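K.L.:
structure for this input, please:
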Amino acid sequence: MLCQWGPWLQSVSGDQIGFWHIMLHPISLMLILGIVIQALAETFILPRFLEFFSLQSPKNEEGLSLGFSHLHSFLANLLGFISSGYLLDKYCPDPKTLTDIQKTTAYEHAHYILYYYAVVGFVAAIALIIYGRLTKNDPKQVEIVSSE
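P.N.:
Numbering: from 1, shown residues only. Prediction:
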């Protein structure tokens, strides 16, 4: 929703907005505002997320469980780091390396990058469903829950 406010703000205020004695483009201002809102939401969500993992962990192994709770972030950052450079080179090449004729068609398929990330999300959802079904009646899970 915030991404729609940038062009509107630009049409109202022009190409520059004064923000704490700094001149910013309206879309840059909205980008900063979006990051601030996301950070604020994270301050409320993260303690509950960590509490959830610590309450599910076996006694005296809370640190190990909290470490594993961030495994998804590690894998996502690693996958994103490796794939983003390749995808940007393929679908959004550096304009300094292109001729004027190449620039007209170089970014026609830039939206394909989103398809790659949609596939990653779909595979993750399927993996979670499979994991949930495989561990549904796991005796180890029942033992941990019943021992508390």
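K.L.:
what about the longest helix anywhere in the chain, average pLDDT?
P.N.:
In the chain, with assignment by DSSP state H, the single longest helix is helix 26-56. Averaged over helix 26-56, pLDDT sits at 85.
K.L.:
name the residues of it that are buried.
P.N.:
26, 29-30 (16 or more other CB atoms under 10 Å). Bear in mind the C-beta positions are built from the backbone N, C-alpha and C, glycine included.
K.L.:
can these go into JSON lines with extra columns for distance to F81?
P.N.:
Listed next are the buried residues of helix 26-56 as JSON lines, based on distance: CB to CB, whole Å:
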{"residue": "P26", "distance to F81": "30"}
{"residue": "L29", "distance to F81": "28"}
{"residue": "M30", "distance to F81": "26"}
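K.L.:
and M23, which of the three is it?
P.N.:
Secondary structure assignment for M23 (DSSP: H, G, I helix; E, B strand; the rest coil): strand.
K.L.:
I82 now?
P.N.:
Assignment for I82 (three-state DSSP): helix.
K.L.:
next one: it from V119, what distance?
P.N.:
Plainly put, I82 is 15 Å away from V119 if you go by CB to CB, to the nearest Å.
K.L.:
so which strand or helix has the residue most central in space within the chain?
P.N.:
The chain has A76 as the residue nearest its centroid, 8.2 Å off, counting by CA atoms, centre = their mean. Element membership for A76 (DSSP states H and E) is helix 71-91.
K.L.:
which elements pack onto that helix?
P.N.:
Helices and strands touching helix 71-91, by 3 or more CB pairs under 8 Å, 6 or more residues apart in numbering; DSSP states H and E, are helix 112-134.
K.L.:
thanks a lot, see you next time.
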